[in-house]
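K.L.:
would you be able to build a 3D model of this:
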Amino acid sequence: MNHALVIARLTWAENVRRKVFYFLFFLTLLFLAGGRVLNVFGMAINSRLLKDFGLSGISLFALLFTFALFLQALSREIEQKTIYPILAKPISRLEYLWGKFLGNMAVLGVFVLVLAVTLELMLFTLVKAWFPMVFSAVLLVYLECGVLGALMLLFSVYLSYPVNLSLTLLIYIIGNLSSAYIKMVIDKGNDPVLRFLVETIKPWFPQFELFHIKNAVVHDYILAPQYLPLAVLYGLFYIILLMQIAGICFKKKEL
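P.N.:
Purely as a prediction, here's the structure:
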């Protein structure tokens, strides 16, 4: 585990030097600030609109940040051959992958935490009240990004950058399709082959829709007490599973 933490620190330092992340960060802050600017154009803004606007922006830019961090995290190291001196040391390939994952997630964690605090402060200045569920929604967005990051690391072992991007996006879209919507489409099409494929394959994919509680937060719905802990455990389970599979695949890969 100590080796993984060393790789994580190196990954953190490498990412901090990349200017594109600062650009994304300030772009997101400008997007959040845009929620308050709506007043200038005569659009009366309230806490619900600001929460909706802010959480949508955080989710969108967190996903962009995740793709920027993870898509080439492994392939770039292999192409530039910077991975060989590291793997020549007494460090397992699984530890290396965990180090890359933890380093990237640390950068992403700071990113989403600052944005969540910014949104919470904006809400407080607007209505003089705190909304703790904002942090719950952002936490689940963070876990969703963690699952996507682990998935991209797994695909990076064998797939090129464009294929990795395409396949990850496809799985993300499938994982976000609600069960009600899929049932409606299948029933309307009345295709038994499509029904079999969807009902057989979709449950094996990460169900990203479970990480989305924005509507509940925006409209102040009360979630079941066990929902958040179970969603967190679900996300951690998929992260660990995907990282272990990535470690096995990477161990078998010839470099």
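K.L.:
can you tell me the closest non-neighbouring residue to the residue most central in space within the chain?
P.N.:
By Cα atoms, centre = their mean, the mean C-alpha position of the chain lies nearest to Cys145, the distance being 1.0 Å. Of all residues not flanking Cys145 in the chain, Thr66 sits nearest, at 4.2 Å (Cβ to Cβ, 6 or more residues apart in numbering). In short, each C-beta sits where N, CA and C put it, glycine included.
K.L.:
which secondary structure element is home to the one you found?
P.N.:
In this assignment (DSSP states H and E), Thr66 forms part of helix 47-70.
K.L.:
now do the buried residues in that helix.
P.N.:
Buried residues in helix 47-70, counting neighbours by 16 or more other Cβ atoms under 10 Å, are found at 47, 50-55, 57-59, 61-62, 65-70.
K.L.:
give the next helix or strand downstream of that helix.
P.N.:
helix 75-79.
K.L.:
quick one: mean pLDDT over that following helix.
P.N.:
Mean pLDDT, helix 75-79: 79.
K.L.:
what packs against the helix or strand just after that helix?
P.N.:
Using DSSP H and E, the helix or strand that follows helix 75-79 in sequence is helix 83-87. When contacts are defined as 3 or more Cβ pairs under 8 Å, 6 or more residues apart in numbering; DSSP states H and E, helix 83-87 packs onto helix 93-127.
K.L.:
what packs against the helix or strand that the helix it packs on is followed by?
P.N.:
Sequence order places helix 133-156 as the next helix or strand after helix 93-127, per DSSP H and E. Here helix 133-156 touches helix 47-70, helix 93-127, helix 161-176, helix 214-218, helix 227-252, going by 3+ Cβ pairs under 8 Å, 6+ apart.
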